[in-house]
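Asker: Quick check, what structure comes out for this input:
(2 chains)
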2 protein chains.
Amino acid sequence: MARICEDLLFPLNRPADEEGCHWKGGAVATPAGFTGAYATFTEAGWTALTADPEFGGAGLPKLLGFAMEEMVSAANLSFSTYPLLTAGAVNALARHGSPELRARFLPNMVQGVWSGTMCLTEPQCGTDLGLITTRAAPRDGGSYRIDGTKIFVTSGEHDLTENIIHLVLARLPGAPTGTHGISLFLVPKFLVGDEGAPAERNGVVCSSIEKKMGIQGSSTCVLNFEGAVGYLVGEPNRGVRCMFTMMNDARLGVGMQGLGLAQVAYHNAREYARIRLQGRALRGPAFPEQPADPLIVHPDVRRMLLRTKCMVEGMRALAYWVGYHLDLSEHHPDPAARQEGADLVALMTPIVKAFFTDQGFEAANLCVQIHGGHGYIRETGVEQYVRDSRIAQIWEGTNGVQALDLVGRKLPMHNGRLLRRFFHPVAEFLDAHADDPHLGELVALEAKAFGRLQQATATIAERSLRDPEEAGAVATDYLRLFALTAVGFMWLRMAEKARDRLVEAGALPGKIRGGGSSAGVPAATAIADPAPAIVSERNVAFYQAKLTTARFFFTKVLPETSGLLATIMTGAAPVMALDAADF
Amino acid sequence: MARICEDLLFPLNRPADEEGCHWKGGAVATPAGFTGAYATFTEAGWTALTADPEFGGAGLPKLLGFAMEEMVSAANLSFSTYPLLTAGAVNALARHGSPELRARFLPNMVQGVWSGTMCLTEPQCGTDLGLITTRAAPRDGGSYRIDGTKIFVTSGEHDLTENIIHLVLARLPGAPTGTHGISLFLVPKFLVGDEGAPAERNGVVCSSIEKKMGIQGSSTCVLNFEGAVGYLVGEPNRGVRCMFTMMNDARLGVGMQGLGLAQVAYHNAREYARIRLQGRALRGPAFPEQPADPLIVHPDVRRMLLRTKCMVEGMRALAYWVGYHLDLSEHHPDPAARQEGADLVALMTPIVKAFFTDQGFEAANLCVQIHGGHGYIRETGVEQYVRDSRIAQIWEGTNGVQALDLVGRKLPMHNGRLLRRFFHPVAEFLDAHADDPHLGELVALEAKAFGRLQQATATIAERSLRDPEEAGAVATDYLRLFALTAVGFMWLRMAEKARDRLVEAGALPGKIRGGGSSAGVPAATAIADPAPAIVSERNVAFYQAKLTTARFFFTKVLPETSGLLATIMTGAAPVMALDAADF
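Answerer: Now for the predicted structure:
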């Protein structure tokens, strides 16, 4: 994966931004190099990595898929959209499609020979899917006739695959209004004959592509469906539910886009801060023999770098923790453990999507800021990260919608059962480590944040019973408070591991304490710590850097939670009081 | 000004973003319509608005200039750069130029017939002006020969004026190394004969323009000086000081760019939130007869709008307060009052520059977020605000440099005298209004923030005596804490005025209390409140909206200061501890 990202995808990233996609007569050409890179990517088997072996997938853990998505997004966000959308469509189809649809479409999609899309948005409806007007009418033979226009269809048309499989939300005749009258249909670009090869062209045409702020290599299509042949996926009028299978996967994938952008922005900023000579260290020249010191001596530059570094490492840990539970939810032999895994994933999905993408955008901006004026110039290549990362805060449900999902659905679900999947392991860890000689100070700071999260949760739960606006008005602040506390938990666990290794290496006094390191992992499935390897000198520096970065997170980032709690406690009134005419 | 902005500058904004500037054979053509708009702008006298009547200026208050700069920036940020740079050059020349230079160049610059630039940056030096290598050598007749390359010269070449007057930093032979060996030179594009008309072309050529993230209508030039004729401005080796006259004006002007962008982003977001129908109010349909409710019913959309609204109005008040003191500093008959005005302006300049531009960028992003996917599409026009506003956080000294200016220079200056220009009026106001029946609750919240600012100030002052990195590492957080407290002070004063008017109108019980409303204004010059006009029904709604918006600021924005204080108190160690190799 690293070889493909470094040698193939990353070198195409800047040129694709300059070139963009080309629409001509309904066809879309991706930027130079994309078709070859996509062929290599699929032939190496990466689209099949985590897919079900029944359909030709490698069946590897979803956690590995997260790692792959971070890498691909970092190397080339535009490119990543093609396989990402396909993976979401594969999951929705595997879960809700008939055996016949699955057999006919999934193997080629898993191999990446065909790609997938999700067609939701129409000019009059984005978030509000109840306003969809695309129509589906039954035809002889069990298929449907699809008519309507979809916009903002990512990867809706392109030249990377021999067929494109659209998953389309539409209304059956006489369906109820609103979201309960929407059904999901599979509409292939080319109809697929019984032999499984693409045959005649279906009635779906890309009438234009959008000019956008960024992700120029990703085609964003207007698709006109005119008498297109479609196949029902799942039950009639249950399409939004089916689509949400896809959407939830995609939301985690979008979170990984945020992480990937944060990572590549950090990488660029760090390299520039090391080589660009400008000014002198405040305590006096660090490199008197050079005309100036490198940027990295300056406290404010270090602040920006450390902020990104601690977020990237903390979010990556959180992503893997969620990915691990996603795998548990699908493969654990014990149904209770599967449910626990699924609960945690459901709880964390809006947090991963919204917080990671916010941080991706912030990291891209800090990277530009560290570059100064050079960061604003296209040639330098880092302003592209700002433009590219900006979409991730919007698509697959805006980050405001994620926050509403968290407070309005996930928080009250099953009397708070989902919340306990996070609260219990955190509370246990904090209890077990309160007196830890090395970590106690950091534990105390996390305990403060956790206390704020508990207070905010109880307050919102109580107030929103009376008035749903009490939840809606503080949702974004609450999601951020939750996310910071979750990243803090990850940092404590990383700090604990780092401390243990340093003690082993004799680089820290004391003995290794047990407990806590498997927090959140059901006991039956806790992965045994591998036998401690010899801790090399280089590893000592690595683990010490972990502790130093953890310290930055707890002292310089986490205190934001105090203001978040204060704003949450003031409730909905300040937000709702102003008349719409007085804005 | 409103007519020019609405009818002329705003309609050119989007097309100019698409078209950009054109470089050909050393000449730069601005986007279609710019030359005509510039002619109208200058012929109407706007470039002369605040300039010295001695050189043809109208001599109006600088405060009015701020208002103009906000409007022009909101309508067309790219366009605004041409007059803004000229105004800065005019100020530097008026202050430091010889009588002969002033007489020969200023009248045409004030009229906007000629424009001005500042040429500082070179490939190897941005913030660190000590690294400048452009050379100046004396010639017969008192002029100098200038050789070197400058980059990132805004408005360095264009087709709006018949001449361009460059102010160029360069080194005289044998000058000391570092910033104390830099001198300032005036280098006209066309040499100016004794009759005052542009004559032969000088040795300065625009060899290329940059491709940038935004402000496509503003030319960003590489200028090659080869044997160019230049004239010394001010004393030899004092060029950086002279340039800072220009820079300080420009920093306030850049702050107004941030405000202008925040305002126009807010305006767009508000209109879209009123007309876009999507989803239903959480308490139930607000407009059951429509297919969906407008976005503005949703608490999270209101949160984003109110955040921008309270920032725009608070920053505008702060800008006018600073502008008022700038006028005092120049025109008050009492030298002590002039000094007080100058002190406050010097203190607030980095805050206005950095905080306003951060908020401009945030407002642009919130505007995109409210537009959802449509915000990411170029055609909608709001993603341009993100790309355009981004530069304002960088140029005229990055916002990190502003923060260092605040903690490293302004805070310790004259034993904290500058600080007292802000601290004293705030303390007086808070004392006078602690028991105010209408404002007391808001006053208490501001008092908390002010207490945090005082604690942070004392801590930084004490620690940085030992170690300058203690100031540098917390500078950005401190600037933000200061800015939020300053905007809070403005909101208290606006709330007081609104309350007074509402009491007059009988819309609020109670009687008007004196005191406090002229805080920060030297007693001798306090402007008498005009006789209260009859408060119309519409005005009642306006003043009530002010109080509601103030309440949002104090409950939902200002609490951020608690986290800022906490991070400041943890000092420099977490920022400086990590070895450069371990990033």
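
Asker: Find the nearest non-adjacent residue to A:A228, please.
Answerer: Using C-beta to C-beta, 6 or more residues apart in numbering or on different chains and skipping residues adjacent in sequence, the residue nearest A:A228 is A:G203, 3.8 Å away. In short, each C-beta sits where N, CA and C put it, glycine included.

Asker: which residues touch the one you found?
Answerer: A:146, A:225-229 (C-beta atoms under 8 Å, 6 or more residues apart in numbering or on different chains).

Asker: Would you tell me which one of those comes nearest to chain B?
Answerer: Chain B has its nearest neighbour among the contacts of A:G203 in A:F225, at 19.2 Å by C-beta to the nearest C-beta.

Asker: Quick check: that closest one touching A:D147?
Answerer: Yes. Using C-beta atoms under 8 Å, A:F225 is in contact with A:D147, at 5.7 Å.

Asker: from the contacts of A:G203, which is closest to B:A456?
Answerer: Nearest to B:A456, judged by C-beta to C-beta, of the contacts of A:G203 is A:F225 at 59.7 Å.

Asker: State whether that closest one is indeed within a strand.
Answerer: Yes. Assigned with DSSP: H, G, I helix; E, B strand; the rest coil, A:F225 falls within a strand.

Asker: so what's in contact with A:F225 and A:D147 at the same time?
Answerer: Residues touching both A:F225 and A:D147 by C-beta under 8 Å, 6+ apart: A:T134.

Asker: Between those two, which has more neighbouring residues?
Answerer: The residue with more neighbours, out of A:F225 and A:D147, is A:F225; 26 against 18, by other C-beta atoms under 10 Å in any protein chain shown.

Asker: what's the residue lying farthest from the centre of chain A sitting at in phi/psi?
Answerer: The C-alpha centroid of chain A is most remote from A:E289, which lies 45.4 Å away (C-alpha atoms, centre = their mean). When read as degrees, to the nearest 10, the backbone of A:E289 gives phi -80, psi -10.

Asker: hmm, which helix or strand of chain A has the shakiest average pLDDT?
Answerer: Here the helix or strand of chain A ranked lowest by mean pLDDT, DSSP states H and E is strand A:198-201, holding a mean of 90.

Asker: I would like the residues contacting that strand, please.
Answerer: For strand A:198-201, the surrounding residues in contact (C-beta under 8 Å, 6+ apart) are A:162-163, A:188-193.

Asker: Now the buried members of these.
Answerer: Neighbour counting by 16 or more other C-beta atoms under 10 Å in any protein chain shown classes A:163, A:188-192 among the contacts of strand A:198-201 as buried.

Asker: possible to save those residues as JSON lines with secondary structure, pLDDT and distance to chain B?
Answerer: Below are the buried ones among the contacts of strand A:198-201 laid out as JSON lines (DSSP: H, G, I helix; E, B strand; the rest coil; pLDDT from 0 to 100; distance: C-beta to the nearest C-beta, whole Å):
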{"residue": "A:N163", "secondary structure": "strand", "pLDDT": "98", "distance to chain B": "26"}
{"residue": "A:P188", "secondary structure": "strand", "pLDDT": "98", "distance to chain B": "25"}
{"residue": "A:K189", "secondary structure": "coil", "pLDDT": "98", "distance to chain B": "22"}
{"residue": "A:F190", "secondary structure": "strand", "pLDDT": "97", "distance to chain B": "27"}
{"residue": "A:L191", "secondary structure": "strand", "pLDDT": "96", "distance to chain B": "30"}
{"residue": "A:V192", "secondary structure": "strand", "pLDDT": "94", "distance to chain B": "30"}
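
Asker: And the pLDDT for the residue nearest to A:K211 when sequence neighbours are not counted?
Answerer: Ranked by C-beta to C-beta, 6+ apart and with sequence neighbours excluded, the top spatial neighbour of A:K211 is B:R378, at 4.4 Å. For B:R378, the model assigns a pLDDT of 97.

Asker: Likewise for A:T476?
Answerer: 98.

Asker: and the gap between A:L60 and chain B?
Answerer: From A:L60 across to chain B, the span is 32 Å (C-beta to the nearest C-beta, to the nearest Å).

Asker: hang on, the earlier thing: any idea how far the residue farthest from the centre of chain A is from B:R501?
Answerer: Distance of A:E289 to B:R501, given as C-beta to C-beta, to the nearest Å: 66 Å.

Asker: just A:G148 next, same as before
Answerer: A:G148 is 53 Å from B:R501, by C-beta to C-beta.

Asker: quick one: secondary structure of the residue most central in space within chain A?
Answerer: Residue closest to the mean C-alpha point of chain A, counted by C-alpha atoms, centre = their mean, is A:G255 at 1.3 Å. Secondary structure, three-state DSSP: A:G255 is helix.

Asker: My read is that it contacts A:P350, right?
Answerer: No. In this structure A:G255 lies outside contact range of A:P350 using C-beta under 8 Å: 9.3 Å.

Asker: all strands for the stretch 151-300 of chain A, in order.
Answerer: For the stretch 151-300 of chain A, the strands defined by DSSP state E, counting those that start in this stretch cover A:163-170, A:183-188, A:190-192, A:198-201, A:204-209, A:220-233.

Asker: Pick out the shakiest of those, pLDDT-wise.
Answerer: The lowest average pLDDT among the strands of the stretch 151-300 of chain A, as it happens, falls on strand A:198-201, at a mean of 90.

Asker: what's the spacing between the residue of the stretch 1-150 of chain A found nearest chain B and A:L169?
Answerer: Closest to chain B within the stretch 1-150 of chain A is A:D128: 4.5 Å, counting by C-beta to the nearest C-beta. Distance check for A:D128 against A:L169: by C-beta to C-beta, it reads 12 Å.

Asker: Between the two, which has more neighbouring residues?
Answerer: Between A:D128 and A:L169, A:L169 has the larger neighbour count (other C-beta under 10 Å), namely 25 against 19.
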